[in-house]
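**Q** requesting a structural model of the entry that follows:
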Amino acid sequence: MKSSIELQATKGVVSTHNNPINQIKGIGMSEQNFATSSDTSPLVELTHWGVITASGVDAANFLHNQLSNDIVSLGEAQVHLAAFCNVKGRMQASMVAMRLNTHDIALVLHKDLLEKTLKRLSMFVMRAKCTLVDASDAYKVLGCVRSSNHLPAWQRHTMQVNGVSSSLFTWPASHKDQACVVLYPQHGASHAQAEGGTIAADAPALAAWHHAYVASGVTLVSEATFEAFVPQMLNYESVGGVNFKKGCYPGQEVVARSQFRGAIKRRAMLGELNAGETGGVPGAGDEVFANTAEAPDVFEACGVVASVATRDATTVLCFSGQSAAVQAATELRLACSEGSQGYAMQLIDVPYALLTDI
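**A** Modelled structure (predicted):
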């Protein structure tokens, strides 16, 4: 069956022209689980994400001992969200792990943390038969958005892009849309160039992907939030990012103690504000402030922005906030500076439930 996903040289994006049932196939799933082309946006390049590959007979075991999730049991039909922590349980990076084959695993993470993460992981390889490399030149990371017929999170599917077999995985859905991520092997680039174009970031489609990603309430750590959170501060234990039965990894004792002693005081939350009111672009690492009913004019820091996206003049924020302070607040504001009241923000529900029984 010939793929109908082709490169559009005029727009610089990959788009679907016919029914994606002809192009996307789930591993172990019926093709009928996929929607028609009207449900899926064009593919766009996610230039802010990169790829590390771990190769060798010990690759899975090595990563299993370094990350917060179970990598040994990782199969071909799913991907695993995972955190890479320091000894205090603070996340130095987070990523999505995908098994490429028996002895090769890809880690998709923020590109601004890739070099630092690769260097630190490499320090622990020692005698393990595992080779870690920056594979960002071997793969393009692409994204698309499903507007309906959302699929379960962290599933992996195969997809033909320009005739090249690629891997698509599903992100947790927001209240409206679902972001998907595609690993597109770069050996397909010569085919793309032959058709006279390259895959590039189309602004509206890229904005839609970022909005769906942030509005999911599940976000990766970036340079701006390096060592700012333990996994539970971004709800990782509730969205499949922590396995409490897998054994030791750096920071595991702190993460487990926080979970089972009820010491989790910060949680990932979602906020929304009118983009036109900010006078600028908010970013990861910015602070969120809250007041109280007793002191409505006094705002104190209560959270840190983890990721942000703007679409159609509306900005959505995923931030880690102090649960007690946010619940007691009558108003939340973004980035209050001395003598400034900042910008009013509305709290919105995350699109998933926090797990109470791990």
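**Q** wait, doesn't Lys116 sit right on Gln92?
**A** Yes: using C-beta atoms under 8 Å, Lys116 is in contact with Gln92, at 7.3 Å. Where you see a C-beta, it was placed from the backbone N, CA and C, and this is true even at glycine.
**Q** quick check: neighbours shared by those two?
**A** Phe226 (C-beta atoms under 8 Å, 6 or more residues apart in numbering).
**Q** so which of the two has more stuff around it?
**A** Gln92 (18 against 13; other C-beta atoms under 10 Å).
**Q** can you list the strands that the strand or helix carrying that one pairs with?
**A** Take DSSP states H and E as the rule and Gln92 turns out to sit in strand 91-101. Sheet pairing of strand 91-101 (DSSP bridges) gives strand 80-85 (antiparallel), strand 104-110 (antiparallel).
**Q** what segments of the stretch 1-150 of the chain are strands?
**A** 5-8, 13-16, 24-26, 44-45, 49-55, 80-85, 91-101, 104-110, 131-134, 139-146 (DSSP state E, counting those that start in this stretch).
**Q** looking at the ones you listed, which one is packed in the most?
**A** strand 80-85 (a mean of 26; mean count of other C-beta atoms under 10 Å).
**Q** ok, and what's touching it?
**A** 63, 66-71, 74, 91-97, 117, 120-121, 154, 218, 221, 230-231, 236, 239-242, 249-252, 254-255.
**Q** where in the protein is the helix or strand with the lowest mean pLDDT?
**A** When the helices and strands of the chain are compared on mean pLDDT, DSSP states H and E, strand 5-8 comes out lowest with a mean of 29.
**Q** enumerate every residue touching the spatially closest residue to Ile105 that is not a sequence neighbour.
**A** Once flanking residues are discounted, Ile105 sits nearest to Ala54: 4.8 Å by C-beta to C-beta, 6 or more residues apart in numbering. Neighbouring residues of Ala54 by C-beta under 8 Å, 6+ apart: 60, 62-63, 104-105, 107, 130-132.
**Q** please repeat the previous calculation with a cut-off of 6 Å.
**A** Ala54 is in contact with 63, 105, 130, 132, counting by C-beta atoms under 6 Å, 6 or more residues apart in numbering.
**Q** how near is it to Ala138?
**A** As for Ala54, its distance to Ala138 is 13 Å (criterion: C-beta to C-beta, to the nearest Å).
**Q** cool, Val182 as well?
**A** Counting by C-beta to C-beta - Val182 and Ala138 are separated by 14 Å.
**Q** do Ala173 as well
**A** Applying C-beta to C-beta to Ala173 and Ala138 gives a distance of 29 Å.
**Q** out of those two, which sits in the busier spot?
**A** Remark: of Ala173 and Ala138, Ala173 carries more neighbours, 21 against 14, as counted by other C-beta under 10 Å.
**Q** packing partners for the top helix by length along the chain?
**A** Of all the segments of type helix in the chain, defined by DSSP state H, the longest one is helix 203-215. Other elements packing on helix 203-215 under the criterion 3 or more C-beta pairs under 6 Å, 6 or more residues apart in numbering; DSSP states H and E are strand 139-146, strand 178-185, strand 300-311, strand 314-322.
**Q** and it, which residues are buried?
**A** Neighbour counts over helix 203-215 (16 or more other C-beta atoms under 10 Å) mark 205-215 as buried.
**Q** and it, what's its mean pLDDT?
**A** Averaging pLDDT along helix 203-215 gives 94.
**Q** which outside residues touch the helix or strand following that helix?
**A** Beyond helix 203-215 on the C-terminal side, the first helix or strand identified by DSSP H and E is helix 252-260. Contact with helix 252-260 is made by 88-89, 230-232, 264, as judged by C-beta under 6 Å, 6+ apart.
**Q** pLDDT below threshold where in the stretch 101-250 of the chain?
**A** Under the criterion pLDDT under 70, the flagged ranges of the stretch 101-250 of the chain are 187-201.
**Q** one more time with 50
**A** 188-198, 200 (pLDDT under 50).
**Q** per-domain residue ranges of this structure.
**A** 12-263, 265-348 (automatic domain parsing).
**Q** deepest of the ones you listed, which one?
**A** Of the domains of the chain, the one with the most neighbours on average (mean count of other C-beta under 10 Å) is domain 12-263, at a mean of 19.
**Q** what about it, distance to the chain center?
**A** When distances are taken as C-alpha atoms, centre = their mean, to the nearest Å, domain 12-263 is centred 7 Å away from the chain's centroid.
**Q** the chain should start at 57 in everything you say after this.
**A** In the new numbering, first residue 57, that becomes domain 68-319.
**Q** Ala351 - that's part of a helix, no?
**A** No: the assignment for Ala351 (DSSP: H, G, I helix; E, B strand; the rest coil) gives coil, which keeps it out of a helix.
**Q** for it, give me phi and psi.
**A** Taking degrees, to the nearest 10, you get phi -140, psi 70 for the backbone angles of Ala351.
**Q** swap in the one 3 residues further on?
**A** With angles defined as degrees, to the nearest 10, Val354 sits at phi -110, psi 120.
**Q** so what's it closest to, chain neighbours aside?
**A** According to C-beta to C-beta, 6+ apart, the nearest residue to Val354 is Asn347 (5.9 Å).
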